[in-house]
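Enquirer: Sequence and predicted structure below; questions after.
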Amino acid sequence: MDPVSQVSGRAYPWGAKNIDTDVIIPAHWLKTITREGLGKGAFETVRAQPDNIFDDPRYAGSPILIAGDNFGCGSSREHAAWALADMGIKAVIAPSFSDIFSGNAFKNGIVSVVLPQEAIDRLLDVAKTDSVTIDLETMTVTTPFQDRFVFEMDAFRRQCLMEGLDEIGLTLARDTAISKYEAGVAMNRPWMSGDRADAGTLVESAGRT
């Protein structure tokens, strides 16, 4: 997972509420065995409509999506986060998120920013013509017009995003401690490490006492 301390650029000024994961990525796309290419199916039903925002050349390649309340509700499919990432979205700003979606987004390096509806309305207006910046260092969302909205984020998630640590990365970061523990187990409790010879000796010795 790539480290992210700031996401800046144009944003899709969508604002739609109660967008579930089936809208983000329809069920028939879940048959794939790879994350690549899911961006093509992202918001498929929305893109089927003429003049939809996701095919508007003004917002092509935007790294930010501004959505409405309860974004990512519905099923727990992680494919929703994969699809967003594959289409280039690195952050979503909304008044609230489904807990499961928020967790999936975090695990895939997507920043989920919660702001009140008043801030969302302002950002929707700004995004029609100008860029938006999300800064994890200062925990703010800003615009070229001196708008500055402060948001909160779980400290652990913020650290992981800024350091680019997913669950595998977190485990590898503790490699020294893990190796030390395993060495101790192998020495003090060899039967747990799969050393059958040592385990057999211990059993034989125990039988003589």
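Expert: Received the coordinates, thanks.
Enquirer: all contacts plus neighbour counts: C-alpha atoms, from now on.
Expert: Will do.
Enquirer: Show the backbone phi and psi for V132.
Expert: phi -130, psi 150 (degrees, to the nearest 10).
Enquirer: isn't it right next to R10, touching?
Expert: Yes. Here V132 reaches R10: they are 6.2 Å apart, a contact under CA atoms under 8 Å.
Enquirer: tell me the helices in the chain, going along the chain?
Expert: Using DSSP state H, the helices of the chain run over residues 21-24, 44-47, 79-86, 99-107, 117-126, 155-163, 167-173, 175-188, 196-208.
Enquirer: could those helices go into JSON lines alongside mean neighbour count, distance to R148 and mean pLDDT?
Expert: Formatted as JSON lines, the helices of the chain follow (neighbours: other CA atoms under 10 Å; distance: least, CA to CA, whole Å; pLDDT from 0 to 100):
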{"stretch": "helix 21-24", "mean neighbour count": "22", "distance to R148": "29", "mean pLDDT": "97"}
{"stretch": "helix 44-47", "mean neighbour count": "15", "distance to R148": "31", "mean pLDDT": "97"}
{"stretch": "helix 79-86", "mean neighbour count": "25", "distance to R148": "25", "mean pLDDT": "97"}
{"stretch": "helix 99-107", "mean neighbour count": "19", "distance to R148": "23", "mean pLDDT": "96"}
{"stretch": "helix 117-126", "mean neighbour count": "17", "distance to R148": "9", "mean pLDDT": "98"}
{"stretch": "helix 155-163", "mean neighbour count": "16", "distance to R148": "19", "mean pLDDT": "95"}
{"stretch": "helix 167-173", "mean neighbour count": "12", "distance to R148": "32", "mean pLDDT": "62"}
{"stretch": "helix 175-188", "mean neighbour count": "12", "distance to R148": "40", "mean pLDDT": "75"}
{"stretch": "helix 196-208", "mean neighbour count": "11", "distance to R148": "64", "mean pLDDT": "50"}
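Enquirer: Of these, give the one that comes closest to T143.
Expert: Closest to T143 of the helices of the chain, according to CA to CA: helix 117-126, at 7.5 Å.
Enquirer: got the contact list for the closest one?
Expert: 13-15, 66-68, 93-95, 132, 143, 149 (CA atoms under 8 Å, 6 or more residues apart in numbering).
Enquirer: Please apply the same query to stretch 10-22.
Expert: By CA under 8 Å, 6+ apart, the list of residues contacting stretch 10-22 from outside reads 53-54, 59, 62-77, 80, 94, 120, 123-125, 127-128, 130-132.
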